[in-house]
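A.B. asks: Could you work out the structure for the sequence below:
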Amino acid sequence: CAFAPQHCITAGSIMSTVKVSTTFGQITLKLRPDAAPKTVEHFCKLAPLFDGCCFYRSDFVIQGGLQRADGSSVPNPLKPIPVNETHTGTKLSNVRGTAAFGHWDVPDAGNSDWFINLKDNAHLDSAYGGYAVFAAVDPGDAASFATIDSIARNILEGGKPTINFVHVE
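C.D. replies: The predicted model follows:
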């Protein structure tokens, strides 16, 4: 994985759609820089590093990051997101199909682990300072939701679905 921040930032503007190709199909996410511009920019800089990584968690979210299915990790060249944008810009709730970065108790610590909500998780809007939503699946995108649900089932069965590539348009 080569670090290429220009992967989804073109002429200073952030592209609007992310296509996450996985072993179970494609997930299309619409980026929301109106709600979380720094978080969107951070995701865009990390996007090329997710190629070949996996989703490893499935409970009320599916979560992935810079971990590979074989247990190895991709080095992260970025510092954590500088500010938790949960309460800035356009307020978006953690509902089914939205994406946010995971973090520990320190709200500003999100870095490379991100998740997609499998159900409405309004408690994540305020837990540990909140989890800022930076992207969402279009509510009418049945194919993306089917892929998300397939990934969730596979993880529960012991699998580690792989991200083939992340392409930002």
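A.B. asks: shouldn't residue 104 be in contact with residue 128?
C.D. replies: Yes: Residue 104 sits in contact with residue 128 when judged by C-beta atoms under 8 Å, with a separation of 7.4 Å. Heads up, the C-betas are built off the backbone N, CA and C, glycines and all.
A.B. asks: Looking at those two, which is more packed in?
C.D. replies: More neighbours sit around residue 128 than around the other of residue 104 and residue 128, counting by other C-beta atoms under 10 Å; the figures are 15 against 8.
A.B. asks: Ramachandran angles for the more buried one?
C.D. replies: The phi and psi values for residue 128, taken as degrees, to the nearest 10, are phi 50, psi 40.
A.B. asks: gap between it and residue 103?
C.D. replies: Separation of residue 128 from residue 103 (C-beta to C-beta, to the nearest Å): 7 Å.
A.B. asks: Give the rounded mean pLDDT of stretch 94-106.
C.D. replies: Here the mean pLDDT over stretch 94-106 is 91, rounded to a whole number.
A.B. asks: which residues sit in contact with the most centrally placed residue in the chain?
C.D. replies: What sits nearest the mean C-alpha location of the chain, by C-alpha atoms, centre = their mean, is residue 114, with 4.0 Å. With C-beta atoms under 8 Å, 6 or more residues apart in numbering as the criterion, the residues that contact residue 114 are 43, 63-65, 99-102.
A.B. asks: Quick one: neighbours of residue 78, just the number.
C.D. replies: Once other C-beta under 10 Å is used to define contacts, residue 78 is seen to have 13 neighbours.
A.B. asks: so what's it closest to, chain neighbours aside?
C.D. replies: residue 45 (6.1 Å; C-beta to C-beta, 6 or more residues apart in numbering).
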